[in-house]
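# Just need the structure, nothing else, for what follows:
(one chain, ligands or ions: 1)
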Amino acid sequence: MSHIHVSNHPLLLHKLAMLREMKTKPKKFRELIREISILLAYESTADLALQEKIVTTPLTETKGCELKEGIGLIPVLRAGLGMVEGFWEMMPTAEVWHIGLYRDHKTFEPIRYYSKLPVSPTVQVCVILDPMLATGGTAVEAVQMLKKWGAKKIKYVGLIGAPEGIKHLQDAHPDVDIYLAAVDDHLNEHAYIVPGLGDAGDRQFGTG
Ligand code: URA
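Here you go, the predicted model:
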């Protein structure tokens, strides 16, 4: 079974409450997603492999470390876009590939409409960025796309998960570790997370 990490970092929880607040306007909402993503980037990369290297300080040579593996960030359009900047600040050499999936309004099944993956994988670790793990359909499909393409190590990072979505992702892909800022109560009849924060795409982009 995959590892699930739900943050209990006070800074993150403080910012998450502001993000949920319906009075929070899109500009502030985007800033908060960026800041929360920095904290999630820190937490979700704690197991990255390192290799030793020699660095020269102004005084002497000493042993240091550098990341051993290349990292790819895969934001799911469009809500995942807001998470890229925070991650990129922490790992500026990460490659970013976009995939587009939307939920059919009636069936809630994911529909694929865009994929900008290179022909073959160029990195060792793929991090899917999508704020809301609701039914899990989109996450399962995104992982499938990456596996088919040859990705070996895949992590999923989101802001809020519903128990239904977490179970769906864990059942379908037990090898994918999940990192979240919170696990909420349930999904409503429109497959929105309750209490949640509403539509993460609309709230970032001022639509809806
Ligand atoms: N997508 C969202 O943006 N919000 C939800 O609550 C569920 C899916």
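
# Burial check on the nearest residue to G137 once chain neighbours are set aside, number of neighbours?
Setting aside the residues directly before and after it, G137 is nearest to P110 in space (Cβ to Cβ, 6 or more residues apart in numbering), at 4.6 Å. C-beta: built from backbone N, CA, C; applies to glycine. Neighbourhood size, P110 [other Cβ atoms under 10 Å]: 21.

# cool, G158 as well?
Counted by other Cβ under 10 Å, the residues lying close to G158 total 27.

# Ok, G161 next?
With other Cβ under 10 Å as criterion, G161 counts 27.

# you'd agree Q124 is up against K152?
Yes - the pair Q124 / K152 is scored as a contact, 6.7 Å apart, by Cβ atoms under 8 Å.

# Would you map the helices across the chain?
10-20, 26-44, 81-90, 137-149, 163-172, 200-205 (DSSP state H).

# Could you show which parts of this protein are in contact with the ligand?
A79, M132, A134, Y192, I193, G196, D199, A200, G201 (Cβ under 6 Å from any ligand atom).

# Now, these that are in strands?
M132, I193 (DSSP state E).

# Now tabulate the residues of the chain next to the ligand in a markdown table and tack on neighbour count.
Output for the residues of the chain next to the ligand, formatted as a markdown table (neighbours: other Cβ atoms under 10 Å):
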| residue | neighbour count |
| --- | --- |
| A79 | 24 |
| M132 | 27 |
| A134 | 27 |
| Y192 | 16 |
| I193 | 27 |
| G196 | 20 |
| D199 | 14 |
| A200 | 25 |
| G201 | 18 |
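
# Q124 and K152 - which one has more neighbours?
Q124 (16 against 13).

# any chance of the helices of the chain in JSON lines, with mean pLDDT and distance to I178 too?
Below are the helices of the chain laid out as JSON lines (pLDDT from 0 to 100; distance: least, Cβ to Cβ, whole Å):
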{"stretch": "helix 10-20", "mean pLDDT": "98", "distance to I178": "16"}
{"stretch": "helix 26-44", "mean pLDDT": "98", "distance to I178": "9"}
{"stretch": "helix 81-90", "mean pLDDT": "98", "distance to I178": "14"}
{"stretch": "helix 137-149", "mean pLDDT": "95", "distance to I178": "8"}
{"stretch": "helix 163-172", "mean pLDDT": "97", "distance to I178": "6"}
{"stretch": "helix 200-205", "mean pLDDT": "97", "distance to I178": "17"}
